[in-house]
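Undergrad: Sharing a sequence plus its predicted fold:
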Amino acid sequence: MDISVNENRNENVNEKRIKPKFKVKLSGSFLLRWLVKIAAFITVGILVGLIAYILIMGIPNLNADFFSWEYTPDNCSVMPAIINTLIIVGLTLVMAVPIGIGSAIYMVEYAKRGNRLVKLVRVTTETLAGIPSIVFGLFGYLCFNVQMGLKYSLIGGSMTLAIMVLPSVMRTTEEALLAVNDSYREGSFGLGAGKLRTVFKVVLPSAVPGILSGVILAIGRIVGETAVLIFTAGTMAAVPESGIFGAGRTIAVHMYQLFNEGRDMEAGYATGVVLIVMVIIINGLANLVGRKISKGKETK
């Protein structure tokens, strides 16, 4: 009996010693979980608030004249800006995406580990990613507009934007390729496939979701950029007659100009609505393409 009583007392003492520690851990994790939730709610709330404010202020100002083919001071048409934006997005992606993906493929698949050139390229891309956009704008103006004689043009703005978004495309592609399991490569080599076929038939399709995320980020930065394009593409409120070698403004520059002038604030809010819808559509199309590519790979 004495032994059992002592054992019970020891168990009670041990429980009392253990319980406070367990409560401290539980309270700490509980507090951290709620802090994370609050941070997420604040982030989503700010985003929803901004979008709601723009929609409330802009939707009542949308009308048929706002989408006329020609811009006038009366209608403040956004259609020329939409066309110029699509042209600049297409030109920029054509220049930046192949170079970014090709550079990432070389660094991950072909370069030897510890290669000094790879280290130099990574340092360069990280440095480019941290440079302010206004610096890119001044560089593009001096290099493309002045030295190359392109003047204010869509092609000059696209070339400058390609340099600006290249680091993000390159780094996201590199991370996507590194995330592909080495067993895919080993299996392809075991079946007799060469290096080039393995990269383009096995590795790249598996890395498509990660690559597309970098492309989507690049598109968002291109569409929303103003400082670079004011210095390189100009602020002409029309589709250039000389094509990509003429000056023109994008939607973001169009909205900036309307707010800067101060007399067409309603049209500026309406332009913000168009910009939001355009970004959503472009991102949706990019995600749709990525899903189709992934499904096609799974069926094969």
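TA: Ah, there it is. Residues are numbered from 1 along each chain as shown.
Undergrad: Look at residue 74 and give its secondary structure.
TA: Secondary structure assignment for residue 74 (DSSP: H, G, I helix; E, B strand; the rest coil): coil.
Undergrad: okay, now it: neighbour count?
TA: For residue 74, the count of nearby residues is 9 (other CB atoms under 10 Å). The C-beta positions use only the backbone N, C-alpha and C, and glycine is treated the same way.
Undergrad: Run through the residues that contact the most centrally placed residue in the chain.
TA: Against the mean C-alpha coordinate of the chain, by CA atoms, centre = their mean, the closest residue is residue 217 at 0.9 Å. Contact analysis of residue 217 by CB atoms under 8 Å, 6 or more residues apart in numbering lists 168, 172.
Undergrad: go on, the one 4 residues further on?
TA: Under the criterion of CB under 8 Å, 6+ apart, the contact list for residue 221 reads 161, 164, 165, 168.
Undergrad: hmm, 10 Å instead?
TA: Contacts of residue 221 were listed using CB atoms under 10 Å, 6 or more residues apart in numbering, and they are 92, 133, 161, 164, 165, 168, 228.
Undergrad: ditto for residue 203
TA: Taking CB under 10 Å, 6+ apart as the contact definition, residue 203 lies against 105, 108, 109, 176, 177, 180, 181, 182, 184, 185, 188.
Undergrad: ok, now how distant is residue 181 from residue 214?
TA: 20 Å (CB to CB, to the nearest Å).
Undergrad: Looking at these two, which is more packed in?
TA: residue 214 (25 against 10).
Undergrad: of the contacts of residue 203, buried ones?
TA: 105, 108, 109, 176, 177, 180, 185, 188 (16 or more other CB atoms under 10 Å).
Undergrad: Find the nearest non-adjacent residue to residue 128, please.
TA: Ranked by CB to CB, 6 or more residues apart in numbering and with sequence neighbours excluded, the top spatial neighbour of residue 128 is residue 167, at 4.6 Å.
Undergrad: Actually, residue 157.
TA: Nearest to residue 157 is residue 233, by CB to CB, 6+ apart, at 3.2 Å.
Undergrad: tally of neighbours for that neighbour?
TA: Residue 233, neighbours per other CB under 10 Å, totals 32.
Undergrad: That one reaches residue 245, doesn't it?
TA: No. Using CB atoms under 10 Å as the test, residue 233 is too far from residue 245 to be in contact (11.1 Å).
Undergrad: Can you pull the residues that touch both of the two?
TA: Residues touching both residue 233 and residue 245 by CB under 10 Å, 6+ apart: 152, 153, 154, 155, 156.
Undergrad: got a list of what the third one touches?
TA: Shown in contact with residue 154 (CB under 10 Å, 6+ apart): 84-85, 87-88, 91-92, 229, 232-234, 236, 239-240, 242-250.
Undergrad: Filter these down to the buried ones.
TA: 84-85, 87-88, 91-92, 229, 232-234, 236, 239-240, 244, 246-250.
Undergrad: measure residue 42 to residue 196 for me?
TA: Taking CB to CB, one finds residue 42 at 48 Å from residue 196.
Undergrad: ok, now residue 154?
TA: 35 Å.
Undergrad: quick one, what contacts residue 246?
TA: Going by CB under 10 Å, 6+ apart, residue 246 touches 84, 151, 152, 153, 154, 155, 233, 234, 236, 238, 239, 240.
Undergrad: thought the first one was touching residue 222?
TA: No. Proximity of residue 84 to residue 222 does not meet the contact threshold set by CB under 10 Å, at 11.7 Å.
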